[in-house]
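*Asks:* Need a 3D model of the following:
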Amino acid sequence: MENETTEPPELLTNESVIYWSEHFKKLEGCDGGKAIQTKAKLFLEADCIEYFKDIIDPRLNCFICKPLKGYNKTTYHLPFNKITRKFDCSCQYYQTKLLKKEEPYCSHSTALYLFLKIQNWNKRHIKTSMPSAEII
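*Replies:* Numbers count the residues shown, from 1 in each chain. Next up, the predicted model:
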């Protein structure tokens, strides 16, 4: 069998983002993904991930995951945890995992992870693939 290499995509999109899941120890975002990854991609497609700036208390600045129209009504907060160096989520599923001392994850935190991966990839790739400016 011949080793096949593929070039990385020019831009990552909601459909093409694939990542290594340390929790599941496998590649995620492929066809046949789990419910959490599928729901996370729905949040991306609906542009539910945003950065919230609190004008009164900057310590409360964080990412938020807005609700999917017709699915739920709750906006979840995803603050960065300086101790674990990960984003936490305010949803019940994530908080229950924390209380059970299990590795916490949820569709909201996965959507944020994918959102940041797409943003960082596209920013780096566009910067490196742009032709240098010529001074006239």
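*Asks:* Under the pLDDT cut-off, which ranges of the chain? List them.
*Replies:* Of all residues in the chain, those with pLDDT under 70 make up the ranges 1-12, 14-34, 125-136.
*Asks:* what are the ranges of the strands in it?
*Replies:* 19-21, 26-28, 49-52, 62-65, 76-78, 80-81, 86-87 (DSSP state E).
*Asks:* buried set for stretch 56-63?
*Replies:* Buried residues in stretch 56-63, counting neighbours by 16 or more other C-beta atoms under 10 Å, are found at 62-63. Glycine gets a C-beta too; all of them are placed from N, C-alpha and C.
*Asks:* Which helix in this structure has the most residues?
*Replies:* Using DSSP state H, we find that the single longest helix of the chain is helix 107-129.
*Asks:* can I assume Ile64 is in contact with Glu50?
*Replies:* Yes: with contacts counted by C-beta atoms under 8 Å, Ile64 reaches Glu50, the gap being 5.5 Å.
*Asks:* ok, back up a step: please convert the strands of the chain to JSON lines, extending it with distance to Cys106.
*Replies:* Shown next, in JSON lines, are the strands of the chain (distance: least, C-beta to C-beta, whole Å):
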{"stretch": "strand 19-21", "distance to Cys106": "13"}
{"stretch": "strand 26-28", "distance to Cys106": "14"}
{"stretch": "strand 49-52", "distance to Cys106": "13"}
{"stretch": "strand 62-65", "distance to Cys106": "9"}
{"stretch": "strand 76-78", "distance to Cys106": "8"}
{"stretch": "strand 80-81", "distance to Cys106": "14"}
{"stretch": "strand 86-87", "distance to Cys106": "10"}
